[in-house]
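Visitor: Provide a 3D model corresponding to the input given below.
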Amino acid sequence: QVQLVEFGGGLVQAGTSLRLSCVVSGRTFSDLVMAWFRQGPGKEREFVAAISQSGRSLNYDDSAKGRFTISRDNAKNTVYLQMNSLKPEDTAVYFCVAGETYYTRRPRPGDYNYWGQGTQVTVSS
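Guide: Residues are numbered from 1 along each chain as shown. Purely as a prediction, here's the structure:
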């Protein structure tokens, strides 16, 4: 059974940084495409960033480009999301997700088989 556990959410001020981590168990981590989605208050779940199995290919939503960085450590079964210059509109529950296929198009929630429980990120103005 695949398990994804996120760490690192919290309450921060606008303009500051936060790093989310997600530890994966139950599958060979290096076989998995990893991504982050988020869901803000009253909003649909939306794609944030994805990383291929090797870590060489990256895909970002426009809202994340230049501010967020996704990375992975296959030796630690962990994927990260470094978030800089946070804005109040980044407030959301952030979900770590895993799947089999890397998409160069904008990924959809249904593209991923496995989801974490989510971690709350709140950015105050």
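Visitor: now do the same contact list for Ser71.
Guide: 51, 55, 79-80, 82 (C-beta atoms under 8 Å, 6 or more residues apart in numbering). C-beta: built from backbone N, CA, C; applies to glycine.
Visitor: quick check: the farthest pair among those residues?
Guide: Pairwise distances across the contacts of Ser71 peak at 13.9 Å for Gly55 and Gln82 (criterion: C-beta to C-beta).
Visitor: related to what we said a few turns ago, now the contacts of Ser71 in TSV, with distance to Ser125?
Guide: Shown next, in TSV, are the contacts of Ser71 (distance: C-beta to C-beta, whole Å):
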residue	distance to Ser125
Ile51	30
Gly55	34
Val79	29
Tyr80	26
Gln82	21
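Visitor: what is the nearest of these to Gln1?
Guide: Looking across those and measuring by C-beta to C-beta, the closest to Gln1 is Val79, at 18.3 Å.
Visitor: leaving out the residues flanking it, which one is nearest to that closest one?
Guide: Met34 (4.1 Å; C-beta to C-beta, 6 or more residues apart in numbering).
Visitor: I appreciate the help and will end here.
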